[in-house]
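Asks: structure here, sequence nowhere to be found:
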RNA sequence: GCCCAUGUAGCUCAGUUGGCAGAGCACCUCCUUGGUAAGGAGGAGGUCUCGGGUUCGAGUCCCGACAUGGGCUCCA
């Protein structure tokens, strides 16, 4: 535990102390330090209000000012500890769950005593600047079958200046929230009547989707993948056979029941792709690997409380792929996936991600076939290691059919989202009867790698909106150039320029509103349009436009053809810069 | 799904103790025709999320639904 965590942990104690001042009968849960702050879970006689938070914060300041020393004590026996915390059911449970032989200690500051392993600061006066942030419901031990406690979140920093800086940072993050920018830039909307979690994309939003998907499709083709299409509805019986019905039923939309058959909206593609594989005829080992990719819109009945903007929706478009291969081919295919994934993430400038090896946990949703799991996990680890990928392992995060390598990126508010994923599946192909004929002329079951590059178009868009703060690179920008005439008499010229740009494949719009040029520039700036092309008498005379960048830089007058020649390589190389094309990369080895 | 908060014009938000529905921006019209982040004047726009209830009277109080937002093991 570092100094900051220790201080925040102590702040959590002081917060519990303050709550007890106001609610002497409160039952205490746990109160750990967390990233940026701390929380404490409490069972209280009534719901807390914002006013309560202010009162608690005030009491905390009093305890901090009182310079209460933290002192620890070790209970001689578990019974002594239980005795001491009698009437505190959550603490009693914690004590009972502590492993045999571990010392059970308490920490005391002023009148407050808490079961605690420590460590703490020497005295409450060492707690710096604090602020209580929010109240939330939290199930005891994260189990929805257990009571819901009230969790108070707070933040604590060594100095007031650091606290203020943190609050400013939070404010900045809110400004780049993709939900806010999505509305401001007119990209997508939600509507009650259409349904929660189903985004409606405007022409600008769809332009973004189109560019993103076009890019991945092009990259996939270049990397040796083929595209398929398998529809939106599937008979439920297929999901019963694949095992999804057992593991995924609560995430599927309710069934559509015809007289004889029951359909489901497709929540994933694997069974469809495996069925397609089977329909495509007898496969020879010489045909493998077979890489079937699809941009598939899936429907998942995510529980209402988890829906959030574009990052968790009920209609999502996956850039999914299933690679049918032999066991020997796993590593090479994994490397191929990895090259594709890293190329794409790099194009977007998304370099702040971590890789998580998602393993099965103790609980029961995982298919019970230890031998195959072991093989799959070994193959995945070997592939990660062979490619020198640093990763941490997370138990309980695997798919029900296999382990995953997940690429996790953070949004503006620091929340992590899974984008790319590569999964090894030894289970489903057998269930769905996939086969290939081996060298030995006998039938074998292929291994399937499941793989998504951007994950889902919607979530990835949400993440890159925040990543770019809405100022998209030129190749993605829904409107690449805004044409701004200085006076109305320049409008016909601007229409001509727009036509020329359109002919060159550049997305340009003329601002023909009855506003002054200054106002039009401001409007284009606010919309974060990369280029503003201004023209008045002087420019028209030379067949030019005056180029302004959204960075506020002026490039001066440029002939139309020169502007086209200037912008085209920037678009084609998917440059992240407004003035320079991306430097040509040394030919990447593509298997 | 569960806890808490919120829901007023396209957007951001005021709205007093229950007593005629408001502002800024955006939009429309007119004036202005300008050289790199908001020119001026006027106008239109609301079933106060929806459904019940209390009341002479509800945007305001109560109940329910829906939606949105913050959360729901980072383990004493």
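Replies: Good, I have the coordinates. This one's a predicted model, so the numbers in the text were calculated from it and none came from an experiment.
Asks: how about the strand or helix carrying residue A:295 and RNA strand B, touching?
Replies: Residue A:295 belongs to strand A:290-299 when assigned by DSSP states H and E. No. Strand A:290-299 lies out of reach of RNA strand B by C-beta under 7 Å from any atom of the strand, never closer than 14.5 Å. C-betas here are computed from N, CA, C, even on glycine.
Asks: can you list the strands that that strand pairs with?
Replies: Here strand A:290-299 has these sheet partners by DSSP bridges: strand A:226-227 (parallel), strand A:315-325 (antiparallel).
Asks: in CSV: the ones you listed, plus mean pLDDT, mean neighbour count and distance to residue A:306.
Replies: Listed next are the strands paired with strand A:290-299 as CSV, based on pLDDT from 0 to 100; neighbours: other C-beta atoms under 10 Å; distance: least, C-beta to C-beta, whole Å:
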stretch, mean pLDDT, mean neighbour count, distance to residue A:306
strand A:226-227, 98, 12, 31
strand A:315-325, 97, 24, 13
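Asks: now residue A:267, what's its secondary structure?
Replies: Classification of residue A:267 using DSSP: H, G, I helix; E, B strand; the rest coil returns coil.
Asks: that one - how many residues pack around it?
Replies: Residue A:267: 18 surrounding residues under other C-beta atoms under 10 Å.
Asks: for it, give me its contacts.
Replies: Residues in contact with residue A:267 (C-beta atoms under 8 Å, 6 or more residues apart in numbering) are A:244, A:248, A:251-253, A:298-300.
Asks: these, buried ones only, as a ChimeraX selection?
Replies: Under the burial definition 16 or more other C-beta atoms under 10 Å, those of the contacts of residue A:267 that qualify are selected in ChimeraX by:
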select /A:244,248,252,298,299,300
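Asks: show me the residue sitting in the middle of chain A in space.
Replies: Of all residues in chain A, the one closest to the mean position by C-alpha atoms, centre = their mean is residue A:417, 2.1 Å from it.
Asks: the one helix or strand that residue maps to and RNA strand B, any residue contact?
Replies: Assigned by DSSP H and E, residue A:417 belongs to strand A:416-425. No. Using C-beta under 7 Å from any atom of the strand, we find that strand A:416-425 stays clear of RNA strand B, coming within 9.7 Å at best.
Asks: any residues touching that strand, and which ones?
Replies: With C-beta under 8 Å, 6+ apart as the test, strand A:416-425 has contacts from A:270, A:311, A:330, A:334, A:337-338, A:341, A:344-345, A:350, A:353, A:376-377, A:379-380, A:399, A:401-411, A:447-455, A:459-460, A:462-463.
Asks: related to what we said a few turns ago, now the contacts of residue A:267 in CSV, with pLDDT?
Replies: Formatted as CSV, these follow (pLDDT from 0 to 100):
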residue, pLDDT
A:244, 90
A:248, 86
A:251, 91
A:252, 93
A:253, 93
A:298, 96
A:299, 96
A:300, 95
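Asks: show me what the closest residue in space to residue A:36 that isn't next to it in sequence is bridged to.
Replies: What sits nearest to residue A:36 in space, not counting adjacent residues and going by C-beta to C-beta, 6 or more residues apart in numbering, is residue A:155, at 5.6 Å. Listed beta-bridge partners, residue A:155: residue A:131 (assigned using DSSP bridges).
Asks: burial measure for residue A:155, as a count.
Replies: Residue A:155 - counted by other C-beta under 10 Å - has 21 other residues nearby.
Asks: quick one on the thing from earlier: can you tell me who the residue nearest to the centre of chain A pairs with across the strands?
Replies: With DSSP bridges as the rule, residue A:417 is bridged to residue A:409.
Asks: about what we covered before: just the ones of the contacts of strand A:416-425 in strands?
Replies: Among those, the members found in strands (DSSP state E) are A:353, A:404-410, A:447-455.
Asks: for the stretch 51-200 of chain A, what lies in contact range of RNA strand B?
Replies: Residues of the stretch 51-200 of chain A that fall close to RNA strand B, judged by C-beta under 7 Å from any atom of the strand: A:94-95, A:98, A:102-105, A:114-117, A:134-139, A:141-144, A:148, A:150-151, A:153, A:179, A:183-184, A:190, A:192, A:195-197.
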